[in-house]
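*Asks:* sequence unknown, structure follows:
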């Protein structure tokens, strides 16, 4: 960790120019919860850290009629505690609350979580089921891509030298307009806190007045080299009423669609079983929320088991 | 103290927070790594990257040339002797490395960066040898032999622990029901927050001072001298405040010797602080042990026999872990009344990091097997497991097959308390449709020292100076368990002074009297008795003087808050300061000092492993309640009820702290903690993957203290440092069995294992006398 210099840009343009000039030798840092560990264990060895924290306008959560926008420097803890998001994207809040510890969440940013591109990261699946669009600043100005296209492989994004993720825009129903959408994030871990997901599952459901599914999205973490969107869920559910049989079938298809590895957090076979178990639960809870059958603002149990009270 | 004075405790039984709590919680404690002395160098160790290899050559030329490097050492340029049981280890490895993490060379340099750079410049030429990582594979005749230099052993079996009592086969022929299964305990870490840190400094006269958070300081001093050829009279060991040990810092390790050798070579003081990664690969762990066990009972549920084939996975060398069977054996033979028992245990070398002593020392492992079989047996007999336990519970007056003399025993009461609090009778076996279950486990553990050397004693000295201040100089070490606090309380009680008037000195081998060290839950019992004895002598001397000055016989005096007064005449009194001054400032004056040595009336085990090693035995019982997610295997621990026979709670707050802390560690063992090896390499040497439980993972722990007032313990107290950690793996396994019907075979019961057992419908074998021809599976 010797001899790393820190550059503190005061404008986005300055940051972009610096990163473009130094290429691989410079790495942006915001909360530092991944960068500092990676540096210490020698996974990366930058000459420069580019401290983005002084940049204005990259932090905060905004809503409009169609959804919400989250600045890349927004802390995970701010997402976890945001009441507006809790109604619009429960999945995102449920993902935020299980990321690291309170201390880590207070430092970590959503941009860092996305750009670190860990297959087990919490934020990507929750944003993917809300149609996330990534806004990226670079030497040639701003470009937008579907969030899924950001991820290339473990630890790798499609960002070009000099590019910085600045914002993510998502679709979500406005709670004041008789909400008919719901989302949910569940995961499997060894410990019930401070752990990386063995499997993470995010789901979102929209229903029409007859409670027929009009939109459905599903995304998984830790079961493929990149956060995995399961597109077929839309074909399988739209136009139908959600039944246990149907959600189970989606779980089965999702388990087949993923390509997990075996490691210290479980075997590939086990992870497929967990996908098959968690997908129906996440879809069901998202549907309960979309159909107003779930207490407003209440978060689901981490693994989605709705146990009876004694 | 006469019984009239003792009738009402002044200090004992109070809930006092630990005396060092304010400095700990305000971050003011100065740990070894915070210390600095002029000229201090940084030490670092080059460790083997291979699990098994021959060292062909070591070239340190470039490292020595690096500016800022003061010493580079390896086996070729130091004087060192072998150490460890069977002398199978040496600080800097000579011809062979036997696990990843083995110490090959070391440097001392002006700073961390230079030291690390110097390690990179050392060239070691290895001939990589095939390794063996599974103890069962290591038993095969074709397995690589790890200690080919040991001519006293065959193959990879370092030692055996075989025990026989009665006739197991005859008992098995009589048994109405026998349960049989395999139970495995993993490699786990003590995982203290403070890693190992050592500072070594020679003064110009050649006197060595070592600052080390070790807690068997006198043995440490002797081991240093023996291995490095030093004069042990010229070694001082100073124990700085310990940032957690849990047994991990009990014993001397290679890096201790290496730090001293570096200081010798460099002619300057050296500090060596292990990184967290080194702590996982290069410091001692809990011994992984595999049990194949059978337990049999008659139709009424009287235990007839226990039979265990045990493979203890030793890792590369014999450290304390090789002796974990010492305690595991007690549990197999003496937990409950078992008339016949047989143990066949091989301690087997493998090319992995090796086991040391960790809180509970072999007991959580053995209890995992023994207490699961109790519930399996009960189910097979159609009995309630609590009834089975109570029927066979150890009782006061028992002498077990290993000669353990049970002089006070609260086991039945502990079982009844947790049974009642958990509403066991209404709920056990009745919540499976909700995936919930209850499981219990009890334990026996030494509670009055553990004689493993010629002495199990501890010395104490009391000094009272002209201010009236009472100082206890004790052989015992504080490692966070609260010994300073409880010893100060004992002295305060005995001398009739407030706790604030007692200072405890315990950290320097030049000053403090001899003690075996902190292990085996012995400090309160042994050091407490020694402190009490010394305090009584000092008090009697003070009373003698006061009696003469006040002109009243000693039995007419009483002591309160350090003031001696004639009973019924409050005006006739004098305080300790005056009494001491009276003695000091008098012709032919004298100081008030008293010494005592307490060695419990116990015996070493003989060659057949029989002997009453402890003056008292602790007991306890836990009930765990879980909810299992059968689709993912995730286990949610909902409740833990605990009851412990503590003899007497000298300080209920710190006793509860010991039990809660131990139980939380036991929860970690049960559900999440494991050092996972892949081909001899620690897969993830970090806290994240290791899996220590968080506050979220540990439910509220209900603690019940059962007081049996032990005859020999100080004020009736027994040791309780380890009790809490022992039952959770077994109790939680039994709860999972109750919730699912499957039988956990190993801990930690991580989700994918639980899922696997559910998917494969894992059961033990049950043999019922009416149908001996075939084994059938239990529920």
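*Replies:* That came through, no problem. All values derive from a computational prediction rather than experimental measurement.

*Asks:* and residue B:125, what helix or strand is that in?
*Replies:* Using DSSP states H and E, residue B:125 sits in strand B:123-128.

*Asks:* what do you get for residue A:135?
*Replies:* Counting by DSSP H and E, residue A:135 is found in strand A:133-138.

*Asks:* And that strand, what does it pack against?
*Replies:* helix A:12-22, strand A:141-146, strand A:164-171 (3 or more Cβ pairs under 8 Å, 6 or more residues apart in numbering or on different chains; DSSP states H and E). In short, each C-beta sits where N, CA and C put it, glycine included.

*Asks:* quick one, phi psi at the residue of chain A found nearest chain B?
*Replies:* Per Cβ to the nearest Cβ, residue A:277 is where chain A lies closest to chain B, at 3.5 Å. Backbone torsions for residue A:277, taken as degrees, to the nearest 10, come to phi -80, psi -40.

*Asks:* State the pLDDT value of the closest residue to it other than its chain neighbours.
*Replies:* The shortest distance from residue A:277 to any residue other than its chain neighbours is 3.5 Å, reached at residue B:631 (Cβ to Cβ, 6 or more residues apart in numbering or on different chains). pLDDT recorded at residue B:631 is 98.

*Asks:* residues in contact with residue B:631?
*Replies:* Residue B:631 makes contacts with A:273-274, A:276-277, B:755, as judged by Cβ atoms under 8 Å, 6 or more residues apart in numbering or on different chains.

*Asks:* Kindly give a single PyMOL line that selects the buried subset of those.
*Replies:* Of those, the buried ones go into a single PyMOL selection, burial set by 16 or more other Cβ atoms under 10 Å in any protein chain shown:
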select buried, (chain A and resi 273+274+276+277) or (chain B and resi 755)
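
*Asks:* Identify the farthest-apart pair in the contacts of residue B:631.
*Replies:* A:276 and B:755 (11.4 Å; Cβ to Cβ).

*Asks:* Against residue A:63, how distant is the most centrally placed residue in chain A?
*Replies:* Nearest to the geometric centre of chain A sits residue A:123, at 1.9 Å (Cα atoms, centre = their mean). Separation of residue A:123 from residue A:63 (Cβ to Cβ, to the nearest Å): 18 Å.

*Asks:* just residue A:100 next, same as before
*Replies:* Taking Cβ to Cβ, one finds residue A:100 at 26 Å from residue A:63.

*Asks:* ditto for residue A:181
*Replies:* Noted for residue A:181: a distance of 14 Å to residue A:63, by Cβ to Cβ.

*Asks:* All the strands of the stretch 651-779 of chain B, residue numbers only.
*Replies:* Here the stretch 651-779 of chain B has its strands, by DSSP state E, counting those that start in this stretch, at B:677-678, B:681-682, B:701-706, B:765-768, B:776-777.

*Asks:* now those in a markdown table, with mean pLDDT and mean neighbour count?
*Replies:* Converted to a markdown table, the strands of the stretch 651-779 of chain B look like this (pLDDT from 0 to 100; neighbours: other Cβ atoms under 10 Å in any protein chain shown):
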| stretch | mean pLDDT | mean neighbour count |
| --- | --- | --- |
| strand B:677-678 | 96 | 17 |
| strand B:681-682 | 96 | 22 |
| strand B:701-706 | 98 | 20 |
| strand B:765-768 | 92 | 18 |
| strand B:776-777 | 55 | 11 |
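
*Asks:* Adding distance to residue B:149, write these out as TSV.
*Replies:* Output for the strands of the stretch 651-779 of chain B, formatted as TSV (distance: least, Cβ to Cβ, whole Å):
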stretch	distance to residue B:149
strand B:677-678	24
strand B:681-682	24
strand B:701-706	48
strand B:765-768	41
strand B:776-777	46
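
*Asks:* Identify whichever of these lies nearest to chain A.
*Replies:* Short answer: strand B:677-678, nearest of the strands of the stretch 651-779 of chain B by Cβ to the nearest Cβ, at 8.2 Å.
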